[in-house]
Each structure stands twice: as C-alpha cells, then as structure tokens.
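Peer 1: need coordinates for the following:
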Amino acid sequence: MTQPTPIRRDHSRPRLLDLFCCAGGAGTGYDRAGFEVTGVDIVDRPNYPYLFVRADALDHLASLIASGDIEQYAAVHASPPCQAGCALTVGTNASRGWGQQHVQLIPELRALLDATGLPYVIEQPNGKAPVRPDLRLCGEMFGLGVLRHRTFELGGWTTQQPQHPKHRGYVRGYRHGVYRDGPYVAAYGAGGGKATVPEMQQAMGITWTDIREELTEAIPPAYTHWIANQFLTHERSAAA
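Peer 2: Presented below is the predicted three-dimensional model:
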C-alpha cells in the first residue's frame, strides 16, 4: 500500500505547480481552495495573477525534479496544448487535408509527473488526447454560461465522478447554417454568434484578462476549485 504524499506548504498554504498556465483559469480555482500557486508558461502572461515563471513547462518540471526543488510542492496541475488531440482541431485538419501537425506532449509529460512522486491532474478537452478519463466536468455542473466539457486524468489520487446534469438548451450560435439561441455561449473562435470577450468573461467567471486567445484557452476556475477541494479532502482522509 502506498503512503500518502505529505502536503508541502508555504507558510500555511500547500503549494501547487500550474504547468502550461496560460492566464490562470485553472490556477485561480486552486488559489480559491487554499493553494499557493506558481504558474509556468512558455510565453509571457502579464495577466496571470500569481507567481509566474516563463519557461518551457516540460524543461522546467525536469529541472525541478533534478534539483529536488519539486519537493516544495504538494501537487501539480497541467493543461498541455490540446491541438494534437482536440476533436475540433483534428477534424479541421482532416477536412482540409492538413494532416496531423502538432506534437503530442502528454506521454512525456506523464512520465515526468510520475517521476515527481506527487499527486497530479492533467486537463484536456474531450477529444482524442491520450488521457485517462478519471473525471469529466461540464459548466452546467457549476451553473455556468458555458458547457466547456473537459477531461481530467488524476495521478496518485482519486475522487468520484459528479453527476452530469442535463443541459438546459443549446449553445448559442450557428450550426450548419441554422441559428439557435440558448443559455450557453461558445467561448471559442469568432463570428457566427460566438461569445464576445465580455460574454466569455461573465460565462466562465474570468475577469482578470480581456485577451480573447487567453479566454478561449481557459477553463473556468469553478472546475479546479471543485477538484482542489476533492483533493484536499482525499489528503486529509489518507492522513487520518
């Protein structure tokens, strides 16, 4: 039987490493649950609201493992680029004859995460990405204005899948030339009835960035707030 991983703390808050952090949708959920968050991204993210390191996420993680500095963290969250496994991107590439042109980072990422010995979360859109579907979350579970289905692989810990409530209607916009109204907005792309920047901010609960690219890549903080609380409950139970 494996022993529970001790929670590493900075002052009184457990520390979380937020890889491929973008503007901090995931990180904010962990912060609200009580984590001290450090984000890592390969490009500058001036809107990221927590401690930020500009670096290649895989290289930075490998460096932390080699130096032993990974031990300051309680857990790791990773939202690697999804283009190699996202159903939207794969379908578009195939329909236009572009082929598969994106590198799949998840196998290498998972190997490094396993090497940390820490509990972790890998987040991806529902699609063809090679992640284990330990959790599937939807905006309707949290009363949000987006559906934004996401899959989460949990490493070193587990929790139960919450009930997926019935959707209240359509995602607003055009589909196959037909416009439908509905209680949800499409937080990706532009035109065709898709969400404006203010609509995306309101629908996902992300107010600290108004960059469209960052919003379209983000997951709502409600998702990781829920995950973080489940993780902390799991750790307390394991310790007891």
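
Peer 1: so in terms of bridging, what pairs with the closest residue to Asp134 other than its chain neighbours?
Peer 2: Nearest non-adjacent residue to Asp134, counting by CB to CB, 6 or more residues apart in numbering: Leu154, 4.3 Å away. To be clear about C-beta, it is placed using only N, CA and C from the backbone, and glycine gets the same treatment. Legend: beta-bridge partners of Leu154 under DSSP bridges are Val121.

Peer 1: any idea how far Leu154 is from His176?
Peer 2: According to CB to CB, to the nearest Å, Leu154 stands 36 Å off from His176.

Peer 1: ramachandran angles for Tyr184?
Peer 2: Phi and psi for Tyr184, reported as degrees, to the nearest 10, are phi -120, psi 150.

Peer 1: got the contact list for it?
Peer 2: Gly139, Gly145, Val146, Leu147, His167, Arg168, Gly169, Tyr170, Val171, Arg172, Ala203 (CB atoms under 8 Å, 6 or more residues apart in numbering).

Peer 1: just the closest of those to Gln160, please.
Peer 2: Closest approach to Gln160 among these (CB to CB): Gly139, at 19.2 Å.

Peer 1: now that closest one: how far from Leu17?
Peer 2: As judged by CB to CB, Gly139 and Leu17 stand 25 Å apart.

Peer 1: do Ala187 as well
Peer 2: Separation of Ala187 from Leu17 (CB to CB): 26 Å.

Peer 1: and stretch 104-111, how far out from the chain middle?
Peer 2: Chain-centre distance of stretch 104-111: 15 Å, with CA atoms, centre = their mean, to the nearest Å.

Peer 1: give the buried residues for stretch 152-167.
Peer 2: Neighbour counts using 16 or more other CB atoms under 10 Å place Phe152, Glu153, Leu154, Gly155, Gly156, Trp157, Thr159 of stretch 152-167 among the buried residues.

Peer 1: now render these as JSON lines, adding distance to Ala111 and pLDDT.
Peer 2: Putting the buried residues of stretch 152-167 into JSON lines (distance: CB to CB, whole Å; pLDDT from 0 to 100) gives the following:
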{"residue": "Phe152", "distance to Ala111": "18", "pLDDT": "98"}
{"residue": "Glu153", "distance to Ala111": "13", "pLDDT": "98"}
{"residue": "Leu154", "distance to Ala111": "16", "pLDDT": "98"}
{"residue": "Gly155", "distance to Ala111": "11", "pLDDT": "98"}
{"residue": "Gly156", "distance to Ala111": "14", "pLDDT": "97"}
{"residue": "Trp157", "distance to Ala111": "18", "pLDDT": "97"}
{"residue": "Thr159", "distance to Ala111": "23", "pLDDT": "97"}
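
Peer 1: thinking again about what came up before, in helices, which of the contacts of Tyr184 fall?
Peer 2: Among the contacts of Tyr184, DSSP state H puts Ala203 in helices.

Peer 1: so which of the contacts of Tyr184 wins on neighbours?
Peer 2: Val146 (26 neighbours; other CB atoms under 10 Å).
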